[in-house]
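**Student:** need a 3D model of the sequence below.
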Amino acid sequence: MGISRAEVVDAAVDVLDEQGLDKVTMRAVADRLGVQHNTVRWHVENKQRLLVLMSDAILAGLDVTTLPTQWDDRFRALAHWSRRALLAHRDGARLLSGIATTEINTYRLGDTMIQTLLDAGFPPRTAAWANWTVFYLILGITQEQQAQSADAPDPVLAFDDDAFPALRKASAYVIAGTFDERFEFALDMQMTALRVELARTDTE
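**Tutor:** Next up, the predicted model:
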């Protein structure tokens, strides 16, 4: 019995979860499926195409019917859903960073986020660029979180008053808080900026 492209992608995601992004190769996927290397290549052409399909698979499962109706609650919920989707897979954020894809799940997420802002009254450019701004935030903080070793010791920062006065003054907060707390803080700032921008747009 032959295998499907979906099975190839699923196997690749399994390799990702178990061994990390650097270990995802066409041969590793073939070995996991117990097939020849050329069989995998026939379904996904090359490694870059495989990574694109994997990144899209990670973003599968968005149920728009469960989202809040109020635009800001809806947009925030989409941001949280995206972050959870990346955190659910080892190196998930690193995989999606720099991947350009026109696959359906990726399009569905972007379309839903942008439509949420359009429906609220934002102009198209603001809606599109705000979507990118928040997604870049998600990618950045999640990639840093996933790259941090669980065994790494907590960093100890010591700032000289004269050389780094601002860092010294804020030293208690420079590395404080969890990644979730920092994400919520940054997302709150983005949402505040969007509300201000929407109010300005409404008065024009």
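
**Student:** got the residue ranges for the helices in this structure?
**Tutor:** 5-19, 26-33, 37-44, 47-58, 71-87, 92-96, 104-120, 124-147, 165-169, 171-174, 179-203 (DSSP state H).

**Student:** most tightly surrounded among those?
**Tutor:** helix 92-96 (a mean of 23; mean count of other Cβ atoms under 10 Å). Where you see a C-beta, it was placed from the backbone N, CA and C, and this is true even at glycine.

**Student:** packing partners of that helix?
**Tutor:** helix 47-58, helix 71-87, helix 124-147 (3 or more Cβ pairs under 8 Å, 6 or more residues apart in numbering; DSSP states H and E).

**Student:** how distant is the second one from the center of its chain?
**Tutor:** The chain centre lies 10 Å from the centre of helix 71-87; the measure is Cα atoms, centre = their mean, to the nearest Å.

**Student:** what does it contact?
**Tutor:** 58-59, 61-62, 67-68, 92-93, 96, 109, 112-113, 116-117, 119-120, 134-135, 137-139, 142, 145-146, 183, 187, 191, 194-195 (Cβ atoms under 8 Å, 6 or more residues apart in numbering).

**Student:** I'd say Ala12 and Arg27 touch.
**Tutor:** No. Between Ala12 and Arg27 there is no contact, the gap being 11.4 Å when judged by Cβ atoms under 8 Å.

**Student:** hmm, Ala11 and Met54 touching each other?
**Tutor:** No. In this structure, Met54 is not within contact of Ala11 by Cβ under 8 Å, at 10.1 Å.

**Student:** residue most distant from the centroid, this structure?
**Tutor:** The C-alpha centroid of the chain is most remote from Asp162, which lies 38.5 Å away (Cα atoms, centre = their mean).

**Student:** show the average pLDDT along stretch 75-85.
**Tutor:** For stretch 75-85, mean pLDDT rounds to 98.

**Student:** can you give me how far stretch 47-60 is from the chain middle?
**Tutor:** Counting by Cα atoms, centre = their mean, stretch 47-60 comes out at 13 Å from the chain centroid.

**Student:** what's in contact with it?
**Tutor:** 5, 8-10, 12-13, 16, 24-26, 29, 40, 44, 82, 85-86, 88-89, 92, 95-96, 99-101, 103-106, 108-109.

**Student:** list the contacts for the residue nearest the centre of the chain?
**Tutor:** In the chain, the centroid-proximal residue (Cα atoms, centre = their mean) is Leu139; its distance is 4.2 Å. The neighbourhood of Leu139, defined by Cβ under 8 Å, 6+ apart, consists of 86, 93, 96-97.

**Student:** give me that answer again for 6 Å
**Tutor:** 93, 97 (Cβ atoms under 6 Å, 6 or more residues apart in numbering).

**Student:** which one of the helices of the chain lies closest to Leu157?
**Tutor:** Of all the helices of the chain, helix 171-174 sits nearest to Leu157, with 6.2 Å by Cβ to Cβ.
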